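1. Output the structure for:
(2 chains)
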Amino acid sequence: MNPASKARKGRKAGRRHPLASVALIAIGLLFTGGAYAAFSTTTASAESDANSQQTIDDGEKLFAANCATCHGLSAQGSGDGPSLIGVGAASVDFQVGTGRMPLQMQGPQALKKPVQFTEEQTAALAAYVASLAPGPAIPEGEVLDGEGDAAVGAELFRINCAMCHNVAGAGGALTEGKFAPSLADVSAVHVYEAMVTGPQNMPVFNDMNISPENKRDIITYLKYIEDNPSPGGLAIGSLGPVAEGLFIWIFGLGAIVALTVWITAKSN
Amino acid sequence: MTSVSTREPTEVKKSGGFTASAANYIDERTSVSGAVKELGRKIFPDHWSFLLGEVALFSFVIILLSGSFLTFFFDASMAEVHYDGSYAPLKGIAMSAAMQSTMDISFDIRGGLLMRQVHHWAALLFVAAIGLHMLRVFFTGAFRKPREINWVIGFVLFILAMAEGFTGYSLPDDLLSGNGLRIIDGLIKGIPVIGTWFSFLLFGGEFPGTAIVGRLYSLHILLLPAIIVALIAMHLLFVVVHKHTQYPSAGHTNKNVVGYPILPVYAAKAGGFFFIVFGVVMLIASFVTINPIWNYGPYDPSPVSAGTQPDWYIGFADGAMRLVPPGWEFVWLNHTYSMNILVVLGVVGLFIVTVMIYPFIEAWITGDKREHHVLDRPRNAPTRTAIGAAGVTFYASLWAAASSDIMATHFHLTMEGVIHTLQATTILGPFLAFYITKRVCLALMKKDREIVLHGYESGRIVRLPGGEYVEVHQQVDDFERWKLVSYNDQKPLMLRPNANGKITVPEQVRAGLSRWFFEDRIAPVDQVELDQAHGAHHTEIEGSADKPAQISDK
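-> Here you go, the predicted structure:
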């Protein structure tokens, strides 16, 4: 899907459905990284074509209210959260867009939660953080379309990601209660952002490590395994031999023992 | 109906017709009727736990059948090819011919994936069924004289089954199995002096080389199956020679076998059971993925996937490696000594050997030289049952450790927490399990005694004329009582001087162990006690209490 055309379409439809247009514009914002946009609170209409400065100001307000306790009033960081200067819009979009931020409680790792902010608010926060210093922007365009080379993507995935996320993206354990999450149902934009920002214990895969084209291949592979269920039947979590072993003991041998009891049961 | 096999064969009436003449034709040329008559009259007792060995046997048959199919298409070569099959995410990727042919079996040969899954699931079932069968044999004392050798044969079969499994797991040359081989390579290289040489010998040079798949293939389809088939034949022959054991029950003695004759009842049941097992395996293989090599991709020494594990039966060894705390290696004379590997090899090796020779150990400790054809109820051999529970706990801890990472992610625990807990259960768990199991067994025996002497609580409360309330105790019937009282009451060995009048150290050790084995015991109810108890309180059942309800073992 081409985000620019989407935004254009949204603007046209917006005359008929003011609220829908807000959402669509926000999506447009998301993809264009807050370079230009109209942001407003729920009372806003399509006409309030705010400039980026206003978005940034709104983001700053949201930030002060929700994030500053940990990240500091000007995102300079504090004992409870790292500095966000230079992390870029992509990092904010990933952290807030997957519900990891605002952090609910200190733990081994910030967990995914239901998303706390609307897309406009997320975009505003991203725009604010991006305005502090340059950093990775929110990706857009064909890198996200899942039309790359799945075989290349699969190989890159095995080499760069599988040691933490498992070959089938089923997730895996790290030390001290940290873990690499399952990649099922993660949107393409978040996969891309995860690679470029390296959240928490994940390394950063910048464009020198893995080119945008190859990132697209990885996304293509992840999409492939998500869209094509295992040809062998139930994948039992794609967890490998542990799941298979448990399955054969509980369901295989379990069923057979039940049948032996049945066979040897006295008929009277 | 069940029948009792005795040593006198009975005449079987022959019927006429085609079957008879055909049978006659064959018999005149092969004299097979004697064998059929002898075998057909063999009695097999009927109990579900006696079928577990059959499950293993039938799984093995399934493995042979599906495996033969796979050999038609598998190419045990490590020559490099570029995959050109129908699985898109591997298109054009360099891999070995072995991996490609396995991919082709999975995606481009009709029925291939099903057969692969049948083969692999049946293999998992095979080892699992052997394991459960072994537990049954252990906890019922079926390994006692004259069956010690058969226990060893069975145990060797278990080890060979694991070897078969491991060699098979390694054949596709995918990432998962390659990592498994890498661990084996590391294990071997950890052995001082010979390790590196041996690794080079096995892999035909530097790991992974281009030879290993072909070599494992020879083992997997030729040598190991041949040995397994021979040992299974011996194992079954011994079962026939020894006759089957039976659970203690009225009328079951050391001199008879109560059950069905092989022909026709037992053979029909077993034949039907084969198809049931086959059906279950088929069903699982049709609906559940196993070893999705298309996810793992071809072996490449650099990547390792999270959640890399061996198949379940190798898990205990993998787990043992994971439980070793860091820092056990040391350098001496410019060589690194990997105690993290050597200790594991030692401990696991010791465990395996101990289990294998356990029948001899127990016989030596107990000094029991009698033949046993009636099984022990596990509670009636508390120390053995407790030893078994300790062994199971030890094995299970190692086994669980192989999935420490999966437990950590799925139960939201830390990996370190899981490992430390399992380290504790590996070392302390067996003692705890021993103690608890023994106490439970003794308590159950006490309860049995109580029931024999005073009957069980019927739940019926009666008010006596004097106003007193009592619960009516119901006497057990004779059949049940037989089961409760007919076990051997073993006493510790007496320390006796040998022919030279000396008490040797081994004898002292033996007497000590024997005391440990038997010191806590509950004697079975004997006739006198029974008469007293029943004479005193329950005159109404006097009539049946004079039947012999006890087997003396003198």
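2. which parts of the stretch 351-500 of chain B sit against chain A?
-> The stretch 351-500 of chain B has residues B:402-406, B:408-409, B:412-417 near chain A, with proximity defined as C-beta under 8 Å from any C-beta of the partner chain. C-beta coordinates here come from the backbone N, C-alpha and C atoms, glycine included.
3. what do you get if the cut-off is 7 Å, keeping everything else the same?
-> B:403, B:405-406, B:408-409, B:413-416 (C-beta under 7 Å from any C-beta of the partner chain).
4. so which of the residues you listed comes closest to B:Y260?
-> Distance to B:Y260 across these (C-beta to C-beta) is lowest for B:S403, with 41.5 Å.
5. hang on, that closest one packs against A:V242?
-> Yes. Using C-beta atoms under 7 Å, B:S403 is in contact with A:V242, at 4.2 Å.
6. any common contacting residues for those two?
-> B:Q309 (C-beta atoms under 7 Å, 6 or more residues apart in numbering or on different chains).
7. Next, count neighbours for the closest residue to A:E155 other than its chain neighbours.
-> Leaving aside its chain neighbours, A:E155 sits nearest to B:I93 (6.1 Å; criterion: C-beta to C-beta, 6 or more residues apart in numbering or on different chains). Burial of B:I93 is recorded as 22 neighbouring residues (other C-beta atoms under 10 Å in any protein chain shown).
8. Would you mark the buried spots in the strand or helix carrying B:L65?
-> Using DSSP states H and E, B:L65 sits in helix B:52-73. For helix B:52-73, the neighbour count (16 or more other C-beta atoms under 10 Å in any protein chain shown) marks B:52-60, B:62-63, B:66-67, B:69-70 as buried.
9. Out of those residues, which comes closest to chain A?
-> Lowest distance from chain A to the buried residues of helix B:52-73 (C-beta to the nearest C-beta) belongs to B:V55, with 5.5 Å.
10. Look at the closest one and report its pLDDT.
-> On the pLDDT scale, B:V55 is placed at 95.
11. Please identify the helix or strand for the residue lying closest to it once chain neighbours are set aside.
-> Residue nearest to B:V55 in three dimensions, not counting chain neighbours: B:A129, with 4.0 Å by C-beta to C-beta, 6+ apart. B:A129 belongs to helix B:112-139 when elements are defined using DSSP H and E.
12. Give me the buried stretch members for that helix, please.
-> B:112-134, B:136-139.
13. Please work out which residue of chain A is closest to chain B.
-> A:G172 (2.4 Å).
14. Could you pull up the residues touching the residue lying closest to that residue once chain neighbours are set aside?
-> Leaving aside its sequence neighbours, A:G172 sits nearest to B:A306 (C-beta to C-beta, 6+ apart; 2.4 Å). Each residue near B:A306 by C-beta under 7 Å, 6+ apart is listed here: A:162-166, A:172, A:180, B:405.
15. can you rerun that using 6 Å?
-> A:164, A:166, A:172 (C-beta atoms under 6 Å, 6 or more residues apart in numbering or on different chains).
16. Could you pick out the buried ones from those residues?
-> A:164, A:166, A:172.
17. Now secondary structure too, for the residues you listed, in CSV please.
-> Below are the buried ones among the contacts of B:A306 laid out as CSV (DSSP: H, G, I helix; E, B strand; the rest coil):
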residue, secondary structure
A:C164, helix
A:N166, coil
A:G172, strand
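18. ok, which stretches of the stretch 151-268 of chain A are helices?
-> For the stretch 151-268 of chain A, the helices defined by DSSP state H, counting those that start in this stretch cover A:162-165, A:188-197, A:212-227, A:241-247, A:254-264.
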